[in-house]
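Colleague: From the sequence below, what's the structure:
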Amino acid sequence: MSREGQAGIPPARAIALAVLGRVLPDPTRPPRGPGAGQDVQAALDAALDTPGLDPRDRGLATELVYGYLRLRGRLEYILSRFLKNPDAVPMPVGRVLALAAYEILFCSKVPAYASVDWAVSAVRKRGGKGLSGMANAVLRRIAADPSVLADPGFYCRDRCTEQEFLSRFYACPEWIVAMWLRDGGREAAEAHLRAQIEPAPLGLRVNATKPGARELFDALAGLPECTVADFPTLALPAGSDTTPAGVDLGAALAAGRLSRQSAAAQLVLARLGRDGWPEPVFDACAGRGGKTLALAEAGKHVFAGDMHAAKLSGLSREAHRLGLPPIAAFRASATRMPLARAPGTILLDAPCSGLGVLSRRPDAKWRRRPEDLAGLVRLQRAMLEAAYANLAPGGRLVYVTCTTNPAENEQAVDRLGSRHRELVLEAEVPAVAEAGLGEAFYGAVLKKP
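Modeller: You can find the predicted model right below:
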């Protein structure tokens, strides 16, 4: 039997509540250390690094954290319809109720009575007997007829606006919904909204440099669940444990035959004509090196830079796992690029608002604010200018983002082109929410004569 978590809360729920407190801290209270407001995966990894933690608790905690973040807005709206005074409910109590509501509505393997039981006990410890009675009544009402809450009509009974309905039902802040409606209309907005409430698929990259790469790809691409297959890129449903006979994913990963990488992130490079980019390729915002390694596996001569040395620290280990030659990497700002010689291609996978990858990073939609976008646009402009200045004549500037915001995508490229009219737009990939990918990346290739 699993050990009890903090204050008697079952371990998976205790971990989920602790992680959510780190990712989305109570704004009415001072931060409790450097982890407040941290990245969801980093917070979850730290919390799950607990000796003796039951694998079932590990899996449930992960499901609860990501499920809550994807559907937080819908859950809070549901609760508001059953609470007499939602604004009077303390944030820690509201989070317990929302987490239990998620369990009741979306975790079919957890009995509803178990979700009600732990949540009522947790609320009693946080708010006393009165609030626990309220929690019991509200959660039982939610559990009484979940099908009502799956009906889109439940979210627009008050004659709300189109924007309000979409925000409630798809659990997305109104300012993001308004942007998508403005820039693409209802159909495109709903495509983005549907994508961001579904778990992101498992993206895999087959290492083309290893013997048997095509056979491994064909075996995985033949799975009925495979939604994207474009050598060496694959996408399987999130949490998929179905593998063809004779293929051990864990062993293939350990042997360097496979890597985990977003399928959408891989495909944007291929669609931008990666194989024809002049060398060497400088990955100027390499991060942990996913695109750097993908380019190396494709046979490109590549080197990498990033502002954060800690992110680059694992690049040499990954290259060794994959059987690749050492890849030069150094700490550098993409707004300065202190290069000894001009590269043939500069890949600028720019920091952005991340609105195209909310299925994988659902915390971003609750942590981002509209005012953040102007600062990102300024940073991207500085990086694009630095890339242009450091690019060799005849070279390519490849600009990639994981956002759907035109100001960071097409408009950023247009602004650079208006200042340097000799640039030629050779290729462009729009940020579209495609079936099976769950994410949207923008990309453009600019040639410097």
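Colleague: can you pull the contacts of Tyr77?
Modeller: 155, 168 (C-beta atoms under 8 Å, 6 or more residues apart in numbering). C-beta here means a position set from N, CA and C on the backbone, and glycine is covered the same way.
Colleague: Give me the domain ranges for this protein.
Modeller: Domain assignment for the chain, taken from automatic domain parsing, gives 6-150, 164-196, 202-260, 263-447.
Colleague: any chance of those in JSON lines, with distance to Arg157 too?
Modeller: Output for the domains of the chain, formatted as JSON lines (distance: least, C-beta to C-beta, whole Å):
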{"stretch": "domain 6-150", "distance to Arg157": "9"}
{"stretch": "domain 164-196", "distance to Arg157": "10"}
{"stretch": "domain 202-260", "distance to Arg157": "32"}
{"stretch": "domain 263-447", "distance to Arg157": "24"}
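Colleague: Using a markdown table, lay out the ones you listed together with distance to Cys156 and mean pLDDT.
Modeller: As requested, the domains of the chain are exported to a markdown table (distance: least, C-beta to C-beta, whole Å; pLDDT from 0 to 100):
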| stretch | distance to Cys156 | mean pLDDT |
| --- | --- | --- |
| domain 6-150 | 11 | 91 |
| domain 164-196 | 4 | 97 |
| domain 202-260 | 29 | 90 |
| domain 263-447 | 21 | 96 |
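Colleague: Between those domains, which one is closest to Asp158.
Modeller: With C-beta to C-beta as the criterion, Asp158 lies closest to domain 164-196 of the domains of the chain, at 8.7 Å.
Colleague: Figure out how far that closest one is from the centre of its chain.
Modeller: Distance, stretch centre to chain centre, for domain 164-196: 17 Å (C-alpha atoms, centre = their mean, to the nearest Å).
Colleague: Only the buried residues of stretch 53-68, if you could.
Modeller: Going by neighbour count (16 or more other C-beta atoms under 10 Å), the buried part of stretch 53-68 is 53, 57-58, 60-68.
Colleague: who touches that stretch?
Modeller: Contact partners of stretch 53-68, identified using C-beta under 8 Å, 6+ apart, comprise 2, 10-13, 15-16, 19-20, 23, 40, 44, 47-48, 75, 98-99, 102-103, 106-107, 110, 199, 362.
Colleague: Weed out the non-buried ones from the residues you listed.
Modeller: Buried among the contacts of stretch 53-68 (16+ other C-beta under 10 Å): 10-13, 15-16, 19-20, 23, 40, 44, 47-48, 75, 98-99, 102-103, 106-107, 110, 199, 362.
Colleague: could you pull out the helices for the stretch 51-200 of the chain?
Modeller: Applying DSSP state H, counting those that start in this stretch to the stretch 51-200 of the chain gives helices spanning 55-82, 91-106, 112-127, 129-144, 146-150, 162-169, 174-196.
Colleague: Return the angle between stretch directions for the fourth one and helix 112-127.
Modeller: The one in question is helix 129-144. Comparing the axes of helix 129-144 and helix 112-127 via axes from the mean of the first three to the mean of the last three C-alpha atoms, to 10 degrees yields an angle of 160 degrees.
Colleague: same thing with the first one?
Modeller: Per the same axes, to 10 degrees, the angle that helix 55-82 makes with helix 112-127 is 70 degrees.
Colleague: tilt between helix 55-82 and helix 91-106?
Modeller: 100 degrees.
Colleague: ok now helix 55-82, how far from the chain's centre?
Modeller: The answer for helix 55-82 is 16 Å, by C-alpha atoms, centre = their mean.
Colleague: separation between Thr161 and Trp180?
Modeller: 14 Å (C-beta to C-beta, to the nearest Å).
Colleague: who has more neighbours, these two?
Modeller: Neighbour totals were compared for Thr161 and Trp180, and Trp180 leads with 23 against 10 (other C-beta atoms under 10 Å).
Colleague: In space, what's closest to the more buried one - neighbours in sequence excluded?
Modeller: Ala189 (3.7 Å; C-beta to C-beta, 6 or more residues apart in numbering).
Colleague: Could you verify my assumption that that neighbour touches Val177?
Modeller: Yes: using C-beta atoms under 8 Å, Ala189 is in contact with Val177, at 6.6 Å.
Colleague: what touches both of the two?
Modeller: With C-beta under 8 Å, 6+ apart, Ala189 and Val177 have common neighbours Leu166.
Colleague: which stretches of the stretch 251-400 of the chain form helices?
Modeller: 263-271, 290-297, 309-312, 315-321, 363-367, 372-390.
Colleague: Could you provide the ones you listed in a markdown table, with additional columns for mean neighbour count and distance to Ala412?
Modeller: Output for these, formatted as a markdown table (neighbours: other C-beta atoms under 10 Å; distance: least, C-beta to C-beta, whole Å):
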| stretch | mean neighbour count | distance to Ala412 |
| --- | --- | --- |
| helix 263-271 | 23 | 15 |
| helix 290-297 | 24 | 19 |
| helix 309-312 | 15 | 23 |
| helix 315-321 | 16 | 27 |
| helix 363-367 | 20 | 19 |
| helix 372-390 | 17 | 5 |
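Colleague: Would you mind saying which of those lies nearest Leu253?
Modeller: Short answer: helix 315-321, nearest of the helices of the stretch 251-400 of the chain by C-beta to C-beta, at 8.6 Å.
Colleague: Can you show me the CA trace of that closest one as CSV?
Modeller: Output of helix 315-321 as CSV, limited to C-alpha atoms (Å, rounded to 0.1, in the frame of the first residue of the first chain):
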residue,chain,number,x,y,z
LEU,A,315,24.7,17.9,-25.1
SER,A,316,28.0,16.0,-25.1
ARG,A,317,26.4,13.1,-23.2
GLU,A,318,23.5,13.0,-25.7
ALA,A,319,26.0,13.0,-28.6
HIS,A,320,27.9,10.1,-27.1
ARG,A,321,24.6,8.1,-26.5
